[in-house]
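> no sequence on this one, just coordinates:
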């Protein structure tokens, strides 16, 4: 067994090629030991480095063509876009002008030109391009969730995604991208808020406002997840942390009391309401709108004596 060879310090924190290591004095026998992982042929990583998507992409770049960029799901994850699944279970999505490439753990797509950006020092397709690419691998709801998360990051505007989707004509997912671009809502805070909003819109209900402050007589009352201010209706998605975090629970109750004291109705929704009781959830919101509209009309009539 070969004696342990000190790894050059500058190779401890990054992937490197076998060629570079041999030039630095390591031998093939040293590189076959447990001290290293081999994410790609001809590439090594010190075993103690944690496996991350960024590290995996850095390793891939050592053997990819010079014009390669990470695209689709890989680009989305590098840009912190909310998409389903786990990067560890997926091949890397790579776009390049070179045809006929193959590599274990890489899904190649051929493109002669692409708008580029950079995340964590890695080349990726631009945010708008990435979102349009996702239309070929995601369903509509997950595509809108991804778009809402991109808008939340501030790296792209809604109108840019709409424009990009209209220019995506003839490419995979073009129709879905156009449909999804008109369902985006800047200001959405979470994937479940997006799912709840889509549920209501699909049921034929009006588009609710998203995270808009409720201010009465100059005093801030709350910022509901979704709301219909014209009917004084707030809709709050209650995730587990609303139940398990006592301070969050106290804040939630305080905001609810403040709204109800000013004749608002607060509808609380949980995960089962979104995934398993969609029709009942939409019916509950619809009936609340009907009651509130009638109540407000009666109040106006009484005020004006009609």
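Noted; the coordinates are in hand. Because the structure is predicted, anything quoted here is derived from the model rather than measured.
> ok, residues contacting stretch 111-125?
Applying CB atoms under 8 Å, 6 or more residues apart in numbering, the contact partners of stretch 111-125 are 54, 57-58, 61, 68-72, 74-75, 78-79, 95-97, 126-130, 133. In short, each C-beta sits where N, CA and C put it, glycine included.
> mind listing what the residue nearest to the spatial centre of the chain touches?
Centroid check for the chain by CA atoms, centre = their mean gives residue 82 as the closest residue, at 1.8 Å. Residue 82 makes contacts with 145, 146, 148, 149, 191, as judged by CB under 8 Å, 6+ apart.
> just those now: which is nearest residue 90?
Nearest to residue 90 among the contacts of residue 82 is residue 146, at 14.9 Å by CB to CB.
> domains of this structure?
Listed by automatic domain parsing, the domain ranges of the chain are 9-49, 63-181, 191-304.
> Out of those, which one sits most buried?
Compared across those, domain 63-181 shows the largest average neighbour count, a mean of 18 (mean count of other CB atoms under 10 Å).
> Span of that domain from start to end?
Taking CA to CA, to the nearest Å, the first and last residues of domain 63-181 lie 36 Å apart.
> The residue nearest to the residue nearest to the centre of the chain when sequence neighbours are not counted: helix or strand, and which one exactly?
Nearest residue to residue 82 in three dimensions, chain neighbours excluded: residue 149, at 4.0 Å (CB to CB, 6 or more residues apart in numbering). Assessed by DSSP states H and E, residue 149 sits inside helix 140-153.
> That helix packs against which elements?
Helix 140-153 is packed against helix 127-134, helix 158-166, helix 174-181, helix 191-202, with contacts defined by 3 or more CB pairs under 8 Å, 6 or more residues apart in numbering; DSSP states H and E.
> for the closest residue to residue 36 other than its chain neighbours, helix, strand, or coil?
Excluding its sequence neighbours, the residue lying closest to residue 36 (CB to CB, 6+ apart) is residue 44, at 4.3 Å. Under the three-state scheme (DSSP: H, G, I helix; E, B strand; the rest coil), residue 44 adopts strand.
> so what's residue 44 bridging to?
In this entry, residue 44 is beta-bridged to residue 16, by DSSP bridges.
> show me what contacts it?
Residue 44 neighbours (CB under 8 Å, 6+ apart): 15, 16, 17, 18, 21, 31, 36, 37, 38.
> Quick check: the fifth one is in a strand.
This points to residue 21. No. Applying three-state DSSP, one finds residue 21 to be helix, outside a strand.
> For the closest residue in space to it that isn't next to it in sequence, give me its contacts.
In this structure, residue 21 finds its nearest non-sequential neighbour in residue 31, 6.0 Å apart by CB to CB, 6+ apart. With CB under 8 Å, 6+ apart as the criterion, the residues that contact residue 31 are 18, 21, 44.
> how near is residue 71 to residue 153?
18 Å (CB to CB, to the nearest Å).
> And the strands in the stretch 151-300 of the chain?
209-210, 214-216, 219-222, 226-228, 233-237, 265-269 (DSSP state E, counting those that start in this stretch).
> and if you look at the stretch 1-150 of the chain?
Counting by DSSP E, counting those that start in this stretch, the strands of the stretch 1-150 of the chain are 16-17, 36-37, 43-46, 69-70, 92-96, 106-110, 116-119, 122-125.
> Output those in CSV; the columns should cover distance to residue 169 and mean pLDDT.
Shown next, in CSV, are those (distance: least, CB to CB, whole Å; pLDDT from 0 to 100):
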stretch, distance to residue 169, mean pLDDT
strand 16-17, 41, 94
strand 36-37, 43, 90
strand 43-46, 38, 94
strand 69-70, 22, 96
strand 92-96, 19, 95
strand 106-110, 18, 94
strand 116-119, 21, 86
strand 122-125, 18, 96
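> Can you lay out the ones you listed as TSV showing distance to residue 269?
Output for the strands of the stretch 1-150 of the chain, formatted as TSV (distance: least, CB to CB, whole Å):
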stretch	distance to residue 269
strand 16-17	51
strand 36-37	45
strand 43-46	45
strand 69-70	36
strand 92-96	34
strand 106-110	37
strand 116-119	34
strand 122-125	35
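> okay if I get the strands of the stretch 151-300 of the chain as CSV plus mean pLDDT and distance to residue 279?
Conversion of the strands of the stretch 151-300 of the chain to CSV gives the following (pLDDT from 0 to 100; distance: least, CB to CB, whole Å):
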stretch, mean pLDDT, distance to residue 279
strand 209-210, 96, 23
strand 214-216, 92, 28
strand 219-222, 90, 28
strand 226-228, 96, 18
strand 233-237, 95, 16
strand 265-269, 95, 14
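> got the ones you listed as TSV, with distance to residue 116 columns?
Listed next are the strands of the stretch 151-300 of the chain as TSV, based on distance: least, CB to CB, whole Å:
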stretch	distance to residue 116
strand 209-210	31
strand 214-216	42
strand 219-222	42
strand 226-228	36
strand 233-237	36
strand 265-269	40
